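*Asks:* Model the structure of this input:
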Amino acid sequence: MMSRADAEKLIQRNPHPDFKSVESSRAHWDDSIQWNIKQTIKPDWKYGDGANDGGKSLKFPHISIDPYEEGRPAVSNYKLLISGIVPRPIGFISTRSKDGSSTNLAPFSYFQVINHDPPLFTVGFAGGFDNAKDSLKNLTESGECVINIISEHFLEAANSTSINAPYGESEWSLSGLTPETCKTVKASRVKEAIFSVEGKLDFTKEYESKATPGQKTGVLAVIEGTHFWVREDAINKEKNLIDPAILRPMSRLGGITYGRLTEGVELPRPDWEETVVKNEEAMKLVKLKVDGQ
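*Replies:* Next up is the predicted model:
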């Protein structure tokens, strides 16, 4: 079985032979950029208009890719997916071993919220139970964790915890982040995080490779949120809306790239009765059938 360190080398995530020299040639981080809401690209868009690029995107051909084609390594699918399914939220997960002797802190971009009542979250772990990452080992044994959302002000510290440290070694101390006690779980939340969710493990499911039958390639964990923490200046008085201008979340892109959220647009969800039934032109479109529909 390939070790996790060897697998990471195979991925070749970092495209720069000397990353620090490349980084030093780039513009400095601009902390003056503030969150702002802009118009959409085409504010006068109406039903039937399609894409807002005037049809330019239709002029490019597409490449057909079979994920299991002969000679295609599984790592190619990994690199393709993490560069195409973007931006991805990052679940910054804190766990503690069942006996309390070991703690772990690590970022996961196979992460998402999938329900609100009860609050449910998914986390995907690479590899199977036979080669479980520290976070997965602690999560399955203790049944608990804390999901923290990464903001700009501790990005470097959060990234440092992705290191392939041996089990039992603390990423907390390497990162310099501050552990804080929770109410419903024994694992610590990250005090620097603006939003954190205490969680209990609901269930896990292990997946087997289709390219190499018998090899375990991933574990899905579904986690139920049991308690929320939001920094006081980031939450409204109803305690139901977090301000993105304060949260300033970081997202994951492909390779070693993170994404910064600085701009947004607002689009109301359309109502069928108000925007279609009462719109003669829209109703005509509904009656039409286009090839492929």
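
*Asks:* Report the secondary structure state of C145.
*Replies:* Each residue gets one of three states, and C145 gets strand by DSSP: H, G, I helix; E, B strand; the rest coil.

*Asks:* just checking, it touches V197?
*Replies:* No. Judged on C-beta atoms under 8 Å, C145 makes no contact with V197 at a distance of 9.0 Å. Every C-beta, even on glycine, is put in place using the N, C-alpha and C of the backbone.

*Asks:* and the residue lying closest to D66 once chain neighbours are set aside, what pLDDT?
*Replies:* Nearest residue to D66 in three dimensions, chain neighbours excluded: R72, at 7.4 Å (C-beta to C-beta, 6 or more residues apart in numbering). At R72, the model reports a pLDDT of 92.

*Asks:* what do you get for the one 4 residues further on?
*Replies:* Taken from the predicted model, the pLDDT recorded for S76 is 93.

*Asks:* The chain should start at 50 in everything you say after this.
*Replies:* Sure thing, new numbering starts at 50, so read that last one as S125.

*Asks:* remind me, longest helix of this structure?
*Replies:* The helix spanning the most residues in the chain, taking DSSP state H as the definition, is helix 123-133.

*Asks:* Dump it to PDB, keeping only the CA atoms.
*Replies:* Taking only C-alpha atoms (Å, rounded to 0.1, in the frame of the first residue of the first chain), the coordinates of helix 123-133 have been written out as PDB:
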ATOM      1  CA  ALA A 123      -6.900   7.900 -10.700                       C
ATOM      2  CA  VAL A 124      -4.800  10.900  -9.700                       C
ATOM      3  CA  SER A 125      -5.700  12.500 -13.000                       C
ATOM      4  CA  ASN A 126      -9.300  12.400 -12.000                       C
ATOM      5  CA  TYR A 127      -8.500  13.900  -8.600                       C
ATOM      6  CA  LYS A 128      -6.600  16.800 -10.100                       C
ATOM      7  CA  LEU A 129      -9.300  17.400 -12.700                       C
ATOM      8  CA  LEU A 130     -12.100  17.400 -10.200                       C
ATOM      9  CA  ILE A 131     -10.500  19.700  -7.600                       C
ATOM     10  CA  SER A 132      -9.600  22.200 -10.400                       C
ATOM     11  CA  GLY A 133     -13.100  22.100 -11.900                       C
END
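
*Asks:* Just checking the distance from it to the centre of its chain.
*Replies:* 15 Å (C-alpha atoms, centre = their mean, to the nearest Å).

*Asks:* which SS class is V162?
*Replies:* In terms of secondary structure, V162 is strand; the call rests on three-state DSSP.

*Asks:* got the contact list for it?
*Replies:* P168, L169, F170 (C-beta atoms under 8 Å, 6 or more residues apart in numbering).

*Asks:* can you tell me how far it sits from V239?
*Replies:* Note on V162: its distance to V239, by C-beta to C-beta, to the nearest Å, is 18 Å.

*Asks:* For the longest helix of the chain, name the packing helices and strands.
*Replies:* helix 53-60 (3 or more C-beta pairs under 8 Å, 6 or more residues apart in numbering; DSSP states H and E).

*Asks:* tell me the average confidence for the helix it packs on?
*Replies:* The predicted model assigns helix 53-60 a mean pLDDT of 63.

*Asks:* what sits opposite the most centrally placed residue in the chain in the beta ladder?
*Replies:* The residue at the geometric middle of the chain, judged as the C-alpha nearest the mean C-alpha position with C-alpha atoms, centre = their mean, is P138 (2.6 Å). Note on P138: beta-bridge partners S300, judged by DSSP bridges.
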